[in-house]
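In: just a sequence and a predicted model for now, questions to come.
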Amino acid sequence: MRASTATLFLIISVALSSAAQLLFRFVMQQFESSGLGLSSLIMTVATGLNVVDLTLLATGMVLYAFSMVSWVLALTRYDVSQAYPVMSISYVAVYFGAILLPGLNESISLPSLCGVALIVMGVIFIAHGNKSNNESDKVVSGDKATQA
């Protein structure tokens with residue numbers, strides 16, 4: 001698999017995982033706002049009531065499943081140490097999605113924004129570190145070939 005295709009699968013995995021998490025939160029808010037809890041969710045699933053919420057919940061599960069398939073396909077090209085930090089971008093996407101999407105009513109705060117900035121900086125540092133390590137591996141292997 002080409003690197004560009006694997007990168008696309010990695011991006012798809014982040015996007016689908018983030019969308020699934022936002023759908024899960026939306027559905028659970030519907031249960032909370034109606035005064036129902038986890039036991040009501042189990043009863044709703046068991047009895048087949050509230051088709052809209054069950055459809056959204058099932059959609060979230062399907063998105064999450066496709067996210068996992070995309071993740072596995074991305075790992076055919078990338079090491080876990082390269083790909084996994086990119087998955088943390090889903091934390092950032094879910095945070096901003098929960099703030100921006102109507103109905104989720106999440107609030108923005110300075111400590112949360114600082115946490116998001118740290119996540120993004122961490123991904124950049126790890127990606128840069130992996131890039132530097134790959135370049136030094138090429139130099140080392142090139143030097144060994146010259147010495148041989």
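Out: On my side now, so go ahead. Remember, it's a predicted structure, so these values are computed and weren't measured experimentally.

In: would you map the helices across the protein?
Out: Along the chain, counting by DSSP state H, helices occupy 3-33, 38-47, 51-74, 80-87, 89-100, 110-147.

In: make TSV out of these and add mean neighbour count.
Out: For glycine as for every other residue, the C-beta is placed from the backbone atoms N, C-alpha and C. Output for the helices of the chain, formatted as TSV (neighbours: other Cβ atoms under 10 Å):
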stretch	mean neighbour count
helix 3-33	17
helix 38-47	12
helix 51-74	16
helix 80-87	16
helix 89-100	17
helix 110-147	11
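
In: poorly predicted segments of this protein, please.
Out: Along the chain, segments meeting pLDDT under 70 span 32-49, 130-148.

In: contacting residues for Gly122?
Out: Neighbouring residues of Gly122 by Cβ atoms under 8 Å, 6 or more residues apart in numbering: 85, 88.

In: and Asn105, what does it touch?
Out: Asn105 makes contacts with Gln29, as judged by Cβ under 8 Å, 6+ apart.

In: again, only this time at 10 Å
Out: 29, 98-99 (Cβ atoms under 10 Å, 6 or more residues apart in numbering).

In: between those residues, which is closest to Ala20?
Out: Ala98 (13.1 Å; Cβ to Cβ).

In: what about that closest one, distance to Ser17?
Out: Ala98 is 14 Å from Ser17, where distance means Cβ to Cβ, to the nearest Å.
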